[in-house]
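Visitor: Sharing a model that was predicted from the sequence below.
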Amino acid sequence: MKKRQSGFTLIEMLVVIGIIGILAAALFGGYRYAVRSARKAKAVEAVANAKDALEMLYQKAEGWPPALFRSAKGEQGFRLMDENVAKVLSKYGLLGVDIKGGVLRGVDRCGIADPWAQAVLKRDTSSSGASLLTRPVPSGGTVQDHLIYFAVDEDDDGFVTSDEGAPVKKIRAKAIAWCAGEDGGLGDCSSVAAKNAPANGRTITNADNVYSWQRGQEER
């Protein structure tokens, strides 16, 4: 009687490899979703903290420091929380800005960035904030595109208005902040509803933008 050979047949091996591939794809997809969700949650927190810091700045400085308005402007002409703003916040002990001897360090080298840019800044050890602004962010845009935007109530009427950079006509607030989200582009900020617009060969949507204000604060 012929003895049966032990081991796997080719078909059995292919089935096992296929199952492993399916499991690996599912795990990788779940991991990517978890990372994206975590960064979105961090962006919500970062934007809320930026807004709170601006409101505290107004109280501590007894008005808006002129240096705050020397900030650069990014997409659509909105003010960025760049290194000028970061230094003002550091002066008043706000947001825990990493600065030593007047020089910004760590993830604050370019200013106050969202989590997608912070991931790039953690990996890049360059000391120059200016050169880092053009570094690409894997999810879209550059580091500068991922700095947090802000606007404040400059005339003390209780509203932030569109000529100060807000993506809506009027918002009932002392200060607001927002970021472009994962894709690094603000898209059409005329409304909070999602609208697509091509830019630099990529699709930009404002659906993933993160805002510090809630529905009901807006007056169009």
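Guide: In hand now; what should we look at?

Visitor: from here on, contacts and neighbour counts on C-alpha atoms
Guide: Fine.

Visitor: ok, longest helix in this structure?
Guide: Longest helix in the chain, counting residues (DSSP state H): helix 10-60.

Visitor: list the contacts for the most centrally placed residue in the chain?
Guide: Geometric centre of the chain, nearest residue: Asp114, 2.9 Å, by C-alpha atoms, centre = their mean. Asp114 is in contact with 42-43, 46-47, 146-148, 179, 181, counting by C-alpha atoms under 8 Å, 6 or more residues apart in numbering.

Visitor: count of neighbours near the residue nearest to Leu121 when sequence neighbours are not counted?
Guide: Nearest residue to Leu121 in three dimensions, chain neighbours excluded: Val107, at 5.4 Å (C-alpha to C-alpha, 6 or more residues apart in numbering). Taking other C-alpha atoms under 10 Å as the criterion, the count of residues near Val107 is 23.

Visitor: try Ala34
Guide: For Ala34, using other C-alpha under 10 Å, the count is 12.

Visitor: So for it, what's the pLDDT?
Guide: Note for Ala34: predicted pLDDT of 72.

Visitor: Then Ala207?
Guide: pLDDT, Ala207: 77.

Visitor: just checking, it is part of a helix?
Guide: Yes - if the criterion is DSSP: H, G, I helix; E, B strand; the rest coil, then Ala207 is within a helix.

Visitor: Leaving out the residues flanking it, which one is nearest to Ala117?
Guide: Among residues not flanking Ala117 along the chain, Val143 sits closest, at 5.3 Å (C-alpha to C-alpha, 6+ apart).

Visitor: re earlier: filter the contacts of Asp114 down to the buried ones and express that as a PyMOL selection.
Guide: Of the contacts of Asp114, the buried ones go into a single PyMOL selection, burial set by 16 or more other C-alpha atoms under 10 Å:
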select buried, resi 43+46+47+146+147+148+179+181
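
Visitor: which residue ranges form the helices in this protein?
Guide: Using DSSP H, helices in the chain cover 10-60, 83-91, 115-123, 129-132.

Visitor: Centre of the chain to the second one, how far?
Guide: Centroid separation for helix 83-91 versus its chain: 18 Å, with C-alpha atoms, centre = their mean, to the nearest Å.

Visitor: again, but for the longest one
Guide: The gap between the average C-alpha position of helix 10-60 and the chain average comes to 14 Å, counting by C-alpha atoms, centre = their mean.

Visitor: coming back round to it: pLDDT score for the residue nearest to the centre of the chain?
Guide: pLDDT, Asp114: 95.

Visitor: Also Gly106?
Guide: Listed pLDDT for Gly106 reads 91.

Visitor: Can you report how many residues neighbour it?
Guide: When neighbours are counted by other C-alpha under 10 Å, Gly106 comes out with 18.

Visitor: so how far is Gln76 from the residue nearest to the centre of the chain?
Guide: Per C-alpha to C-alpha, to the nearest Å, Asp114 is found 18 Å from Gln76.

Visitor: Likewise for Arg123?
Guide: As judged by C-alpha to C-alpha, Arg123 and Gln76 stand 29 Å apart.

Visitor: Any idea what Pro136 is bridged to?
Guide: Thr142 (DSSP bridges).

Visitor: Now Phe159: closest residue in space that isn't a chain neighbour?
Guide: Of all residues not flanking Phe159 in the chain, Arg172 sits nearest, at 4.6 Å (C-alpha to C-alpha, 6+ apart).
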